[in-house]
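Q: Sequence first, then the predicted structure:
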Amino acid sequence: MQLKRTVNCGELTGNNVGEEVILNGWIAKNRDHGGVIFLDLRDRYGKTQVTFNPDVDGEMASRAKRLGMEDVIAVKGVVQTRPDGNINTGMPTGEIEVLVSELEILNEAEPLPFLISDRETGSEELRLEYRYLELRTKELQNFMQVRARTYQAVRTLLSDEGFMEFETPVLMKSTPEGARDYLVPSRIHVGKFYALPQSPQTYKQLLMISGYDKYFQIVKCFRDEDLRADRQPEFTQIDIEMSFVDQDDVLALATRLARGVFSEVLGVKLPAVFPILDYKEAMETYGSDKPDTRFEMPLVEFAAYAEKADFGVFKDVLASGGRVKGLILKNAADKISRKVSDGLTEWLKTYYGIKGLAFFKVDGNGLMGGISKFFEEELQQEIINDFTLETNDIMFFVSDSEAKTLQALGALRLELAKRESLIPENEFRPLFVVNFPLLDWDEDSGRYIAMHHPFTSPRPEDVELMTSDPAKVRARAYDLVINGYEVAGGSIRIHTREMQNRMFELIGMDEAEAEARFGFLLKAFRYGAPPHGGIAFGYDRLIMLLAGTDNIRDVIAFPKTTSAASLMDDAPSTVSEDQLKELHIKLIK
RNA sequence: GGGAUCGUAGUUCAGCUUUGGUUAGAACGCCGGCCUGUCAAGCCGGAGGUCGCGGGUUCGAGCCCCGUCGAUCCCGCCA
């Protein structure tokens, strides 16, 4: 190319008038007036209007006439103020334009599948196929900038705290617990497989044993599970581990990191101390272990009133060990028509498997509609007083097993808040959820499984329960939740071989299996393992929050679809017979 | 593994249980023409369709039925 840029497309202002400059970029828009031609030239720094006048060079103007959107060009010209009344106050460079004296056409573009100026002109399917074009859009360029700035902020903050950055293997040993592994066949070791890491968990624990007491890594993790709007098969974590620390130390570090990133990237000041919520309390109050606390609407206990009412459904559930809980939507009863409540009921039944959704409304005289008729006058007044109900409030109830009741009401709480626009935007509400159960009973395999992972240590005061009542054991595990997203999660680890063996035993892994799977880690524990713990931030979710989007694909340069495919390069794909043969793999059927 | 929604010019959509019926429309983009101060430029004209794919019902299917593929959202799953 002849004309190499001397400035970018976002930096020229009135101060540059008279300067001769060269601009390189893509044509964002062409406006051909027959004589004078205007092109908006774009790069990732901004847009500048470049002007062709046939009086300057007729041949060049006719070449410019042919140019279309997204052609790549280089122009040389003089910066001039736009004529009176033609200043565009809507753009930073709107005061000036470049009157072109030389034009070099670097590459012409074919008609586009969608407009770079408006992402919405293409379906997501199409945009993913042409991801490199979507990445030219202003919106995605912003998202990628946020992502890039966050990498830098994290590295600076953690380095300043004395953390060392590591890389751990991507080809590792398959682990039996947790998510499904992505497997990589070994050519050299016939019939054997590597796994891609679900997280570098064991490596970072080994690094603690090696004495690197403050470790971090920005690392890709892989989980072969079904996807969601906030889940990708490969995703990035800020993985952190520390030695000689307790839970408070890790939470404090996570707080400093989160505050630093939000301040550095967004200029937002998060509170100096994040609220800490007990897991049990989170479930009872919000029906979720990752509550969105930007709005209230807590779940309330209703069993005592249900006992006194003449409503068989609630009583039967309570008698069989279930729960009755409710939530109050203030001043919106008039918006919940029969059609709306039926719709909510159907939705909860289908997705959360509950048997029904009950409600009543409040008017000047007492309760009305729904299940109000099952409550005596006196009981109605008691409910109105106890829950300080007012006219036009509506109270919803779910009565089912504990797990279903909490989950369904938690989902309803979010849905109602969305519908009623009760969630403030541009606000961030971080909190820690702590004291997760150590174990979870798995119906399918008829055994306990580790709720977090099998290296999570129990709270010291709960160790006795490991023998007497394992389900009650609380873990030294914690999550950082912001606006309803699980942004980070971690735990204080087990660091003695005895406790680790006990844990394996509890989750039904016998010594031989534990030895085969984690023998290397157990062996390492024998050579002086320090107490340690850590936390991992879901990097993509963090960026979603910082960038203000609710779609994880928006913050990943080349994301995959819900079926874990890449529409752009068509991965995964079939491979040749030769490749398979080398790996000693034969496809069945 | 399950449920829901969607699939019609290059693209976004309308048309689909109001009635299944001649030639499937609009906008943006694209191509051509006019136009020397626009910035969503304007005006005139034009090209562009296997209605995702397969089967069925029917004299006749974009429309009704069954299957299938893909995208999205959700439940299960995701330590």
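A: On my side now, so go ahead. As the structure is a prediction and not an experimental result, all values here were calculated from the model.
Q: Okay, strands next: where are they in the stretch 101-250 of chain A?
A: Assigned by DSSP state E, counting those that start in this stretch, the stretch 101-250 of chain A shows strands spanning A:164-165, A:183-185, A:193-195, A:214-222, A:234-243.
Q: out of the ones you listed, deepest packed?
A: Ranked by mean neighbour count, these are led by strand A:234-243 with a mean of 23 (mean count of other C-beta atoms under 10 Å). In short, each C-beta sits where N, CA and C put it, glycine included.
Q: what does the stretch 301-450 of chain A have sitting close to RNA strand B?
A: A:350-353, A:407, A:411, A:440, A:449-450 (C-beta under 7 Å from any atom of the strand).
Q: now, among the residues you listed, which is nearest to RNA strand B?
A: RNA strand B has its nearest neighbour among these in A:Tyr351, at 4.0 Å by C-beta to the nearest atom of the strand.
Q: On the three-state scheme, the closest residue to that closest one other than its chain neighbours is what?
A: Sequence neighbours aside, A:Ala411 is the residue nearest to A:Tyr351 in space, at 7.2 Å (criterion: C-beta to C-beta, 6 or more residues apart in numbering). At A:Ala411, secondary structure determined by DSSP: H, G, I helix; E, B strand; the rest coil is helix.
Q: Tally up the residues packed near A:Ala411, please.
A: 19 (other C-beta atoms under 10 Å).
Q: What ranges in the stretch 1-150 of chain A fall below the confidence cut-off?
A: Nowhere does the stretch 1-150 of chain A drop to pLDDT under 70.
Q: where does the residue nearest to A:Asn435 when sequence neighbours are not counted fall, phi/psi-wise?
A: Leaving aside its chain neighbours, A:Asn435 sits nearest to A:Arg474 (4.6 Å; criterion: C-beta to C-beta, 6+ apart). The phi/psi pair for A:Arg474 (degrees, to the nearest 10) reads phi -100, psi 150.
Q: wait, A:Arg474 sits on A:Met451?
A: No: in this structure A:Arg474 lies outside contact range of A:Met451 using C-beta atoms under 8 Å: 10.1 Å.
Q: residues shared between the contacts of the two?
A: Counting by C-beta atoms under 8 Å, 6 or more residues apart in numbering, the common neighbours of A:Arg474 and A:Met451 are A:436-438.
Q: By neighbours, which of those wins?
A: Neighbour counts for those, by other C-beta under 10 Å, peak at A:Leu438, which reaches 29 neighbours.
Q: Does that one touch A:Pro454 like I think?
A: No: counting by C-beta under 8 Å, A:Leu438 stays clear of A:Pro454, with 9.7 Å between them.
Q: Pull up the overlap in contacts between the two.
A: Contacts common to A:Leu438 and A:Pro454, judged by C-beta under 8 Å, 6+ apart, are absent.
Q: rewinding a little: filter the residues of the stretch 301-450 of chain A next to RNA strand B down to the ones in helices?
A: Among those, the ones falling in helices (DSSP state H) are A:350-352, A:407, A:411.
Q: With pLDDT added, can I get the residues you listed in TSV?
A: Shown next, in TSV, are those (pLDDT from 0 to 100):
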residue	pLDDT
A:Thr350	80
A:Tyr351	81
A:Tyr352	86
A:Gln407	92
A:Ala411	93
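Q: Quick one: buried ones out of the residues you listed?
A: Among those, the ones that count as buried by 16 or more other C-beta atoms under 10 Å are A:352, A:407, A:411.
Q: what's the closest of the residues you listed to A:Lys560?
A: Nearest to A:Lys560 out of those is A:Ala411 (C-beta to C-beta; 26.2 Å).
Q: I figured the closest one hits A:Thr350, correct?
A: No: counting by C-beta under 8 Å, A:Ala411 does not reach A:Thr350; the two are 11.4 Å apart.
Q: so where do the strands sit in the stretch 351-500 of chain A?
A: Secondary structure of the stretch 351-500 of chain A by DSSP E, counting those that start in this stretch: the strands cover A:358-363, A:366-368, A:394-400, A:430-434, A:439-442, A:447-450, A:477-482, A:485-492.
Q: where does chain A have low pLDDT?
A: A:589.
Q: Run through the helices of the stretch 101-250 of chain A in chain order.
A: Applying DSSP state H, counting those that start in this stretch to the stretch 101-250 of chain A gives helices spanning A:124-129, A:131-134, A:138-160, A:201-209, A:247-261.
Q: So A:Lys308 versus RNA strand B, what's the distance?
A: According to C-beta to the nearest atom of the strand, to the nearest Å, A:Lys308 and RNA strand B sit 32 Å apart.
Q: Pretty sure that residue sits against A:Gln380.
A: No: using C-beta under 8 Å as the test, A:Lys308 is too far from A:Gln380 to be in contact (10.8 Å).
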